[in-house]
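**Q** here is a sequence together with a model predicted from it:
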Amino acid sequence: MQSKQNNKDYIVGMYVRLSRDDERAGESLSIENQKAILSDYITEQGWTLYDTYVDDGISGTTFDRPGVKRLLDDAKQGVINTILVKDMSCFGRNYIMVGQYLDYVFPTFGIRFVALSDNIDTENKDTPAMDMMPITNVFNEWWAATTSKKLRAVRIKNAKEGKNGMSHPPYGYTIGTDEKRTLQVNEETAPVVKRIFELRASGLTPRKIADILNVEKVLTPNDYRISTTGINGVRNPSHLWHTAVLRTLLSNQAYIGNLVQHKSTTISYKNHKWHRRPEEEWIIIENAHEAIISKELWDKVKEVEKAVGHGKHTQRGFMHPLSGLMFCADCGAKMRLGWNM
């Protein structure tokens, strides 16, 4: 790349990124390798490094990244006047967003942008690399779309073959070390799972079950996970059992030995918002691992949940014992308490 030496002081924001997809390309794209290459270039040019901005494990198709957000904020505030990346794809794989920054935002704020491996430098516009920049942007996004499609196909294939793709196991299990990462019963927590199902089958509501577990100071699934792995899977945990946790647990087919995957997906390779798939699209492998509860107990719980109403509390917070349980003998509608004055 042709260097442009003048009397201007270049205050550099070094940006490095590596997504899980990029990791397969090996050490050449690693965070540390990017830092080393860019640091040497800054030294060669006599520039001043202000800070290094890092996004590790985040896709370039989104600009909702902590590192790139901080980089852009500093650029707009005038803290830095030069952005240096190893290549265009490190900055982003969304050609519309990348084009918006390079063509409008950076020129407006007087920001120089340099993508070292692509020979792109916005202060040297009359170069073949700059002429090819729009095509480079489109190609980078095409690569992201193609990779996303391939990875999705691999995940579906693995799910149909009974390979466990969970990042962490359901409460009551651990992940095995075999090729399929088969779920293994956790002897410490599996009895809690079985007891929850038995209590629900006896007619106790999730709220009542939660009260019992909280009184007995049984660790919640998230607290147990933190105590054993150090990984916190929930933001702002209450450290208490509550109905939402129990309803999720009571609906998890893993406890009868079924491996259920492909339940949710992102909207697209660029829109990473998750949405739930219709149940008929789920991939279910029956008897994929050892069950914690019997199919009879599972069916009993489903019968209870289908037959028993939840009832309603009065304005004073009291629930009548028969609330949600009484039905009209003529029309079959639920009966409710009323007062005749």
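**A** All right, it came through fine.
**Q** note down every partner strand of the host helix or strand of residue 184 and its orientation.
**A** Mapping residue 184 onto the secondary structure by DSSP states H and E places it in strand 183-185. The pairing partners recorded for strand 183-185 under DSSP bridges are strand 173-175 (antiparallel).
**Q** chain center to the partner strand: distance?
**A** On the basis of C-alpha atoms, centre = their mean, to the nearest Å, strand 173-175 sits 20 Å off its chain's mean C-alpha point.
**Q** picking that back up, buried residues in the next helix or strand after the strand holding residue 184?
**A** Per DSSP H and E, strand 183-185 leads on to helix 190-201 as the next helix or strand towards the C-terminus. Counting neighbours by 16 or more other C-beta atoms under 10 Å, one finds that the buried residues in helix 190-201 are 190, 192-194, 196-197, 199-201. Any C-beta I mention is one placed from the backbone N, CA and C, and that applies to glycine too.
**Q** quick one, what contacts residue 74?
**A** With contacts defined as C-beta atoms under 8 Å, 6 or more residues apart in numbering, the neighbours of residue 74 are 13, 50-51, 80.
**Q** where does residue 138 sit, in terms of helix or strand?
**A** Secondary structure (DSSP H and E) places residue 138 in helix 133-160.
**Q** now for that helix, which elements pack on it?
**A** helix 88-91, helix 95-100, strand 283-285 (3 or more C-beta pairs under 8 Å, 6 or more residues apart in numbering; DSSP states H and E).
**Q** following the longest one, which helix or strand comes up?
**A** Heading C-terminal from helix 95-100, the first helix or strand you meet, by DSSP H and E, is helix 106-109.
**Q** residue 10: how many residues sit nearby?
**A** 21 (other C-beta atoms under 10 Å).
**Q** residue 95 too?
**A** Other residues near residue 95 number 20, with proximity taken as other C-beta under 10 Å.
**Q** thought it was touching residue 137?
**A** Yes: look at residue 95 against residue 137 with C-beta atoms under 8 Å: they come within range, at 3.9 Å.
**Q** hang on, the earlier thing: closest to residue 244 among the contacts of residue 74?
**A** Using C-beta to C-beta, residue 51 is the member of the contacts of residue 74 that lies nearest residue 244, at 40.7 Å.
**Q** what about that closest one, which SS state?
**A** In terms of secondary structure, residue 51 is strand; the call rests on DSSP: H, G, I helix; E, B strand; the rest coil.
**Q** and it, what does it touch?
**A** Applying C-beta under 8 Å, 6+ apart, one finds that residue 51 lies in contact with 13-14, 74, 80.
**Q** right, and out of those residues, which lies closest to residue 128?
**A** Closest approach to residue 128 among these (C-beta to C-beta): residue 14, at 25.2 Å.
**Q** isn't that closest one right up against residue 36?
**A** No: contact criterion C-beta under 8 Å: residue 14 and residue 36 do not qualify, at 10.9 Å.
**Q** quick one, which of the two is more surrounded?
**A** Neighbour count, other C-beta under 10 Å: between residue 14 and residue 36, residue 14 has more, with 24 against 11.
**Q** buried set for the helix or strand containing residue 228?
**A** Secondary structure assigned from DSSP H and E places residue 228 in helix 221-229. Judged by neighbour count using 16+ other C-beta under 10 Å, the buried positions of helix 221-229 are 221-226.
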